[in-house]
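S.K.: Quick check, what structure comes out for this input:
(one chain, ligands or ions: 2)
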Amino acid sequence: MDTLHRLISQLPKAELHLHIEGTFEPELMFAIAQRNGVTLNYGSVEELRAAYNFGNLQDFLNLYYAGTSVLLFEQDFYDLTWAYLNKAKENNIVHTEVMFDPQAHTERGVPFAAVIGGIYRALCDGFEKLGISFRLILSFLRHLGAEKGFRTLEEAIPYKGWITAVGLDSTERDYPPELFTELFDAAREMGFVTVAHAGEEGPPEYIWGALDLLKAARIDHGNSAMEDPDLLDVLRIYEIPLTTCPLSNLKLHVIQRMEDHPVRRMLDAGVRATINSDDPAYFGGYLNDNFIAVADALSLTSDEIIQLVNNAFEAAFVTDGEKRKFLQLVREQSGK
Ligand code: HPA
Ligand code: ZN
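M.R.: Numbers count the residues shown, from 1 in each chain. Ligands and ions are numbered 1, 2, ... in the order given. Okay, here's the model as predicted:
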């Protein structure tokens, strides 16, 4: 194996931008559909995979939400999360910050308790049996608006201790951050950290809004920051991490070729950029595949790979002591 590819797979890594519903592999989807007596709109695993050709974010979201329709019971959410954790282990992920979209399920009548219960039980098992530490991020669906977000935030109250942060995902265009200012104020008052998808399809103004109004501690994606030098300065000075997702960007035509991916330019600008898999079951690869795709296309050096890996631990919502422990692991594995 190429030495850089070996370095990528052997380094202990953190993943900070991962939608648990986006790890739903077609095989598991069909198995759960069958046991729940739900019919999918596709006849086979192959037929479903063949449909994974997305023109843009919305094209993808339509399939992503259709896929979630088979998830009904606590055990389904457990099985989904457990399958991801095994992939995470294969990818040498030692810390993962998992986003979940409760509204994709509660809107269909699935109890909030079943959703978070299954996910959290699997994450605890992953910590005990696989040694993967975790944080949980409750993400609001932008297209449902703030009022429904408030109802979801209320449903989360009994599980406050299980959730570290709230986020904002789904359709970006026409759903600017200012629609969610009060919702995020309320979430922060409850003690949650905030993150937000911004600058994936939306303009730099949406990243400014995520920072100024939503007080986002990290920006998910953040690609369009490259269009605004003042914004890059702010991201650098305040050490606001960007959780970029190379294969996602390519599959959703945020970039036209992997060679156009901004992650090296972000590093060069002194911004704390990280690599993540977003929705790996839909975009053709887990975390190592994302590193390899972007490293090959941009000819990243081993130092740049290590920087990206370290950035993720620095950007993680863990204590300074945990950060030091993780960064030490990277030093031991990389010899740097
Ligand atoms: N962007 C917005 N919403 C999402 C994504 C994404 O990349 N993945 C899952 N929901
Ligand atoms: Zn995402």
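
S.K.: average pLDDT for stretch 308-323?
M.R.: Rounded to a whole number, the mean pLDDT of stretch 308-323 is 98.

S.K.: how close does H19 get to A297?
M.R.: H19 sits 24 Å away from A297, taking Cβ to Cβ, to the nearest Å as the criterion. C-beta here means a position set from N, CA and C on the backbone, and glycine is covered the same way.

S.K.: So for these two, which residue has more residues nearby?
M.R.: Neighbours around H19 and A297, counted as other Cβ atoms under 10 Å, are more numerous at H19. The numbers are 27 against 18.

S.K.: distance of the more buried one from ligand 1?
M.R.: Taken as Cβ to the nearest ligand atom, to the nearest Å, the spacing of H19 relative to ligand 1 amounts to 4 Å.

S.K.: dump the residue contacts of the residue of the stretch 51-200 of the chain found nearest ligand 1.
M.R.: For the stretch 51-200 of the chain and ligand 1, the shortest gap (Cβ to the nearest ligand atom) falls at D169, measuring 3.6 Å. Residues in contact with D169 (Cβ atoms under 8 Å, 6 or more residues apart in numbering) are H19, M99, D101, S139, F140, L141, R142, H197, D220.

S.K.: partners of it in the sheet?
M.R.: When bridges are assigned using DSSP bridges, the partners listed for D169 are L141.

S.K.: For the stretch 151-300 of the chain, which segments count as helices?
M.R.: 181-189, 204-212, 229-237, 246-251, 263-268, 280-283, 287-298 (DSSP state H, counting those that start in this stretch).

S.K.: okay, the residue of the stretch 51-200 of the chain closest to ligand 1: pLDDT?
M.R.: Confidence per residue is given as pLDDT, and for D169 that number is 98.

S.K.: Quick one: name the residues of this structure near ligand 1.
M.R.: Where the chain comes near ligand 1, counting by Cβ under 6 Å from any ligand atom, the residues are H19, G22, L57, Y64, D169, S170, H197, E200, S248, D278, D279.

S.K.: Same list, the residues you listed, but as a markdown table with distance to Y42 please.
M.R.: As requested, the residues of the chain next to ligand 1 are arranged in a markdown table below (distance: Cβ to Cβ, whole Å):
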| residue | distance to Y42 |
| --- | --- |
| H19 | 20 |
| G22 | 17 |
| L57 | 21 |
| Y64 | 14 |
| D169 | 24 |
| S170 | 22 |
| H197 | 27 |
| E200 | 26 |
| S248 | 22 |
| D278 | 22 |
| D279 | 17 |
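
S.K.: Can you flag which of these belong to strands?
M.R.: H19, D169, H197 (DSSP state E).

S.K.: who's the last one bridged to?
M.R.: Taking DSSP bridges, one obtains D220 as the residues bridged to H197.

S.K.: for the first one, same thing?
M.R.: With DSSP bridges as the criterion, the beta-bridge partners of H19 are M99.

S.K.: show me the contacts for it.
M.R.: When the contact criterion is Cβ under 8 Å, 6+ apart, the partners of H19 are Y64, M99, F100, D101, S139, D169, D278, D279.

S.K.: Model confidence for it, exactly?
M.R.: In the prediction, the pLDDT value recorded for H19 is 99.

S.K.: Run a quick check on L300 versus R264, I expect a contact.
M.R.: Yes - distance between L300 and R264: 6.6 Å, which falls inside the contact criterion (Cβ atoms under 8 Å).

S.K.: Of the two, which one has the most company?
M.R.: Neighbours were tallied for L300 and for R264 using other Cβ under 10 Å; the higher tally belongs to L300 (21 against 18).

S.K.: what about the more buried one, distance to H17?
M.R.: When Cβ to Cβ is the yardstick, L300 and H17 sit 19 Å from each other.

S.K.: tell me what the helix ranked longest in the chain is packed against?
M.R.: Once the chain is assigned using DSSP state H, the helix that runs over the most residues is helix 74-90. In terms of contacts (3 or more Cβ pairs under 8 Å, 6 or more residues apart in numbering; DSSP states H and E), helix 74-90 is packed against helix 26-36, strand 93-100, helix 112-125.

S.K.: Need these in TSV (columns: mean pLDDT).
M.R.: Converted to TSV, those look like this (pLDDT from 0 to 100):
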stretch	mean pLDDT
helix 26-36	98
strand 93-100	99
helix 112-125	99
